[in-house]
Every structure is written in structure tokens, then in C-alpha cells.
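Asker: sequence first, then the predicted structure:
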Amino acid sequence: MTSPLGSALAGVSYTHLGQVGQTMQLQGAQTWRTYTYDPGSLRLSEVLQQRNATSNAVVSDDHYTYDNAGDVTIDNNVTVAAGTDTQCYTYDYLQQLTAVRRLGVPSTLFVASLPMPVTIGVRVM
């Protein structure tokens, strides 16, 4: 399968529960993404991307944290190029996303603009 970006999905393996376990892409060097799931909730907890050309060196490592309702509350991404990037998500009582905040960036510089049918106040915690 080829995307508009030119990379091709060369292989997919699945867990015993039918979830994507690993993908292999061909984009210059072979790239693997390994997907890890929380055994209790079966939610995606980590996506590890590695490249073959550099001895399976880690390209990026994403970790996800969820609240009890199943909403992503923290996305912690570690990349070789950019270091650590952590984003925190806040939801209202209807489980609608109300704010996104990047750790280490002053709240006045990074608050996501959320497409909503009505205007809401964005709060940063």
C-alpha cells in the first residue's frame, strides 16, 4: 500500500486479540512500529518506532495515559531529533476536549484552537 508521501506498508502483524501488534514500512530504510496495549483496558499504551538502517535505533517512542472514561490525558513523545514533547488534554463533563497544553511551553504560547459548533472558554490547568 502506498501513501501520497511515498512510503509503503510492507507488513502487519496482529496480537492474539486482533489488535495491530507491529507494522513494517519501506521508506528508504525499513521502519518498524511496535504497538503495546494495556493488559487491563486493552487501550494503546505505547508506539515504538525503530529503523533497521541504524541497528534498530529508536526513532520515536510515544506513551499514552488515559482517564477512567477512556480519554487520552497525556501523550508523551520522545524522538531522537526533537527530544521529549508532552501534551496534556483536558475534557469537560461531557467528555469533550476543552484544552490541549504542551508541557514546558507557557500556556499563552500554546493552547489548541478547538473546532466546536459553539464558542467555549478554553481553560489551561
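Answerer: Okay, I see it.
Asker: output the below-cut-off pLDDT ranges for the protein.
Answerer: 1-7, 53-56, 104-125 (pLDDT under 70).
Asker: Val100 against Tyr91, yeah?
Answerer: No. With contact defined as Cβ atoms under 8 Å, Val100 does not count as touching Tyr91 (10.6 Å). (C-beta placed from N, C-alpha, C; glycine too.)
Asker: which residues sit against stretch 39-48?
Answerer: Here stretch 39-48 makes contact (Cβ atoms under 8 Å, 6 or more residues apart in numbering) with 17, 19, 33-38, 58, 60-64, 66, 70.
Asker: show me what counts as buried in that stretch.
Answerer: Within stretch 39-48, the residues scored as buried using 16 or more other Cβ atoms under 10 Å are 44-45, 47-48.
Asker: among these, which ones are in helices?
Answerer: Using DSSP state H, the subset of these located in helices is empty.
Asker: most widely separated two among those residues?
Answerer: By the measure Cβ to Cβ, Leu44 and Leu48 form the most distant pair in the buried residues of stretch 39-48, at 11.6 Å.
Asker: against Gln30, how distant is the closest residue to Ala69 other than its chain neighbours?
Answerer: In space, and not counting its chain neighbours, Ala69 is closest to Gln95: 5.6 Å by Cβ to Cβ, 6 or more residues apart in numbering. Gln95 is 39 Å from Gln30, where distance means Cβ to Cβ, to the nearest Å.
Asker: of those two, who's got more company?
Answerer: Gln30 (15 against 11; other Cβ atoms under 10 Å).
Asker: grab the nearest non-local neighbour of that one.
Answerer: Using Cβ to Cβ, 6+ apart, the closest residue to Gln30 is Asn52 (4.1 Å).
Asker: surely that neighbour and Trp32 touch.
Answerer: Yes. Using Cβ under 8 Å, Asn52 is in contact with Trp32, at 7.4 Å.
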